[in-house]
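Novice: Below: sequence and its predicted model.
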Amino acid sequence: MLFAASLITAVYLSLAALVIAVDPHNVYSWGADPRIEADDTPRDLVIDWIDVAAKDQSYNTFLVGSSVTAMYSPAYMRSVLGQDARVMNLSYGGPRPRDRDLVLGQLADNPNLRHLILTFDWTYIQNPEITNRGFPAFLYDDDLTNDLRMVNLPTIRRTFDVLAGNQTYSNTDDTTYKSYIDTMYDGFQQPSQMAEIARVVERGRSRIGALSGRNCDSFLAINDQLIPRLRSFAKRGVRVDILVPIASYAFYYVRQNDISPTLLDEQLVARRCLVNAAADLSNVRIFAFDDDPAIAGDLANFREVGHVYDPAILHRFVSALSTDSNRLTRQNLAEHEQAVRSAVENYRTTNSQLGRVNADSTF
Amino acid sequence: MIFTDPLFLFVFLPIALLAFYTVANFLGRNAALAVLFVASIAFYIPYGLFSAILLVAALVVNFVVALAVTFLDESKKSRRRIYLAGQAYNIITLCYFKYKIASLLFGPSAGIMVDIAGIAIPAGISFYTFQGAAFLADAYSRDKNVAQFLGQLRSLRSVGAAFCRYGAFVSFFPQLIIGPITYLSEFNPQTRSKRFLRLDPIDLAVGLTFISIGMFKKVVIADNLAPTVDIIFGAAQVGAEIHPMQAWIGALAYMAQLYFDFSGYSDMALGLARMFGLKLPINFFSPFKANGIIDYYRRWHMTLTRVIARFLYTPLSVAGTRYAMFNRLAPVPAHLLSLWFPMLINFQIIGLWHGALWTFCVFGLMHGLWYALETEVRASKWYKSVKAKASPVILGFLERAVFFLPLLLSLAMFRSESVIGGFHLFSQMFGTSFDARSLFNMREPVMMLTIAFSIIYFCPNSVELMRRYRPAIMTYENKSYGLAIMRGLWRPGWVQASYLSVLVLASLYYVSRQPPFLYQGF
Amino acid sequence: MSDYQAILDQVAEIIRDIFDEYEGPVTMETTANDVAQWDSLSHVRLMVMIEMELGVHFSTSEMQSFKNLGDLVRASAKQKA
């Protein structure tokens, strides 16, 4: 009994010591100096690799997004932004205010950072302390003692990899990811799905335009986290481009149920607050596309109400950074807001592939 | 520090044990208790320096007051005044720091007063305050343990030693943050026993067993139910339409989460204390196997039930009964005074003890009414005649069936983020939103729930399993329910050690895990 | 001793009155566990009843500290003496 306990303790402590000494996530100053394989997209592994990427001075451009931008590979981004852009895609699913802020904090330490591309996800209506459950926030806070929690099987394996001299990290899930996305799209493009959404839309129509009563003072994740970060990036000359992800109009109806009953209003107010606080900073640009019903109104473009699938739209989304189109500014804000609001309020479920959808239609 | 933190288990605990037994061997009882006291303060400091100062202040005030009421003569009027002042300190600090009374009263702009109260609620304040208050009451009523525990205080040195003993008793780290709320009459005799301070391998083995079981309950079972609970209660809070099946799964998942969370922590507390050769009072004894709310409160968070019954319910009930009997009230008003009012107040305090939220008020009201009603039913002629005739198995089964739903609903209210959110969840559980959007993948939660409730109903609890080693001080006399065949005995050995190692490794895996959420988050 | 017996007789009468179903013996060793109807609620009623009949007064902590009827009888005898 005691022997087993001592054994577990001894093994655990020596593994912990080893992991911390080798530091495969590169969180400490003595850390291993691994590289992410050229042109690799870490996707969900990114949560462990943030410092590996952030401390790598060969990158000058970071895409900090969510599941809606996880598919952009560095090569793809380079083809859009030009060959000088050495891009790392730090997108992971379901970012929340606190972990997003931790990521930006780690990036701020990279002296070669020139260009930051950020998505302005719906999560910014939440409170600053909300954290993605899977995000290892303990690695990036001030408390060193809780870093012991990183001692898990993948990290131990990674530690031995590093010890064996393997210093490049790669994520081999590209095919899995692609088939996951395709299956998702096929599953979504079904008449039954569309009819279901149409029903939700019709049922929610009376409440969709309801005002939340929130004003900019109440968006603390924007005021206290995002804006100060943007200011300091802008001040040191980093170009910051903020992309408002394209959500379908149906998104506001469907997710009204579990995000917030006044989701639409809160999203638009949050957007307004962002523009008012950041659009005039030098080096900061904000882009939005969802005032176009051909994009946000047509569910044929989506693999899920909040996730664009159509390759042409995905391309337009990032190429706007080069063409400087679809800017959201103080001048066009009111018009943009009005367009989105009325498009959502008057939305009739549409899918150009499957035809017009009625709530009561039986396919 | 938290019990499940690897830093606590693998660094703090071994060092504390080593220091304790080394000092005990060479320097004796007082020094060993001083080590416990210092270790407990070190354990507490990560919760915040201000909280630690507040804890030490509470210890000093209560200790001084206890000295005064112990050594002042009965005839002195000041004795009572000092006692009341001490208890007032306890109540006021609790109200001020836990309930933020100041910010409620003065609003957000009342300057520095509010700023102090604006810090996070000091960890464990409701537990150590109650333990300190119970100790003071014992001192005031001249419990013989108090005088014996404080000892002869002839020199400054002996006063210092007495303070360290007192500090070790109240802030003993296995029970500091989440109980059990211990009486001195349980702690003092153990520290005077000849066996105390002697390193007994059985103590360590029993302690490790409890720690492994408790950690597994908390980290593997409770924490894996948490995501489902968060999703459903979050959705209920925003008034979402929820599929009835998922609403039920959410409510059940919370019931199981709360159970395994709290009983896991309590098991760990018993185990940690046992490693230092000390037994704590039992806090949990298979509460969900209870046959009604009365039985439930003799099995759930027992040390809180008994301390509140002692200081609140019984005095109120005695006063009410006296009034009713001396004035020869009719049965109905007599019952209101001796049972219903004291019971409702009792449960209102139990509810609010968890925090100043309306949901806890409603929870307290539900349980108060329910407890009083069940008391009346069980006292009625009708119930007695049923009980005399019915088969105990069938009756037990029926009682548990009646017990389950109100318990589920009241615990769901307890967890809800608002009273409206709670009632909304009820409406969805009994609603017809069969076409609501699915909020989570059901397979894993359903499997977890099946495992969790099988353990709850079919397995012996850890104290039953370990009963050979008298792992805890029995707070109430409780019957062991469940199948006799499942009530095996446990003794340390290789086989058991390997079972436990599996539990520990599983827990460690989850402690350090970053749950996979590949592609899921939207 | 006879003091105790007199008090115990009075207490027994009250017990038989409140716990009407109990038919076992009432002695100095009787405890709440021996009497099915004796729960915390009826305990308070019993105590107050004894206070009234015997003209004594118990504090609440005293009421909870009695381990058996003997403790109660001795405490009452002490007050009456």
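Specialist: Looks like it came in fine.
Novice: which residues does residue 310 contact?
Specialist: Here I'm looking at chain A. A:300, A:301, A:302 (CB atoms under 8 Å, 6 or more residues apart in numbering or on different chains). Backbone N, C-alpha and C define where each C-beta goes, glycine included.
Novice: um, chain B though
Specialist: Counting by CB under 8 Å, 6+ apart, residue B:310 has contacts B:134, C:61, C:64.
Novice: OK, contacts around the first one?
Specialist: Meaning residue B:134. So residue B:134 contacts B:181, B:183, B:184, B:307, B:310, B:311 (CB under 8 Å, 6+ apart).
Novice: Local confidence estimate at it?
Specialist: We have a pLDDT of 93 for residue B:134.
Novice: Now it: which helix or strand?
Specialist: helix B:125-140 (DSSP states H and E).
Novice: so is residue 62 in a helix, a strand, or just coil?
Specialist: Chain wasn't specified; assuming chain A. The assignment at residue A:62 comes out as strand when based on DSSP: H, G, I helix; E, B strand; the rest coil.
Novice: dump the residue contacts of it.
Specialist: Counted by CB under 8 Å, 6+ apart, residue A:62 has contacts A:53, A:54, A:87, A:88, A:89, A:90, A:107, A:113, A:115, A:116, A:117.
Novice: From the residues you listed, list the ones also adjacent to chain B.
Specialist: By CB under 8 Å from any CB of the partner chain, no member of those lies near chain B.
Novice: Check which helix or strand residue A:116 maps to.
Specialist: Under the criterion of DSSP H and E, residue A:116 resides in strand A:115-119.
Novice: so of the contacts of residue A:310, which ones are in strands?
Specialist: Counting by DSSP state E, the part of the contacts of residue A:310 found in strands is residue A:302.
Novice: Output the contacts of residue A:310 in JSON lines; the columns should cover neighbour count and pLDDT.
Specialist: JSON lines is the format used below for those (neighbours: other CB atoms under 10 Å in any protein chain shown; pLDDT from 0 to 100):
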{"residue": "A:300", "neighbour count": "16", "pLDDT": "93"}
{"residue": "A:301", "neighbour count": "21", "pLDDT": "93"}
{"residue": "A:302", "neighbour count": "25", "pLDDT": "94"}
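Novice: Just put the contacts of residue A:310 in a markdown table and tack on distance to residue B:261.
Specialist: Formatted as a markdown table, the contacts of residue A:310 follow (distance: CB to CB, whole Å):
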| residue | distance to residue B:261 |
| --- | --- |
| A:300 | 46 |
| A:301 | 44 |
| A:302 | 39 |
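Novice: quick check, nearest of the contacts of residue A:310 to residue C:76?
Specialist: Nearest to residue C:76, judged by CB to CB, of those is residue A:302 at 83.0 Å.
Novice: pretty sure the closest one is touching residue A:193, no?
Specialist: No. Applying CB atoms under 8 Å as the test, residue A:302 and residue A:193 come out as separate, 10.4 Å apart.
Novice: Test my guess that residue C:50 contacts residue C:75.
Specialist: No. Assessed by CB under 8 Å, residue C:50 is found out of contact with residue C:75, at 10.1 Å.
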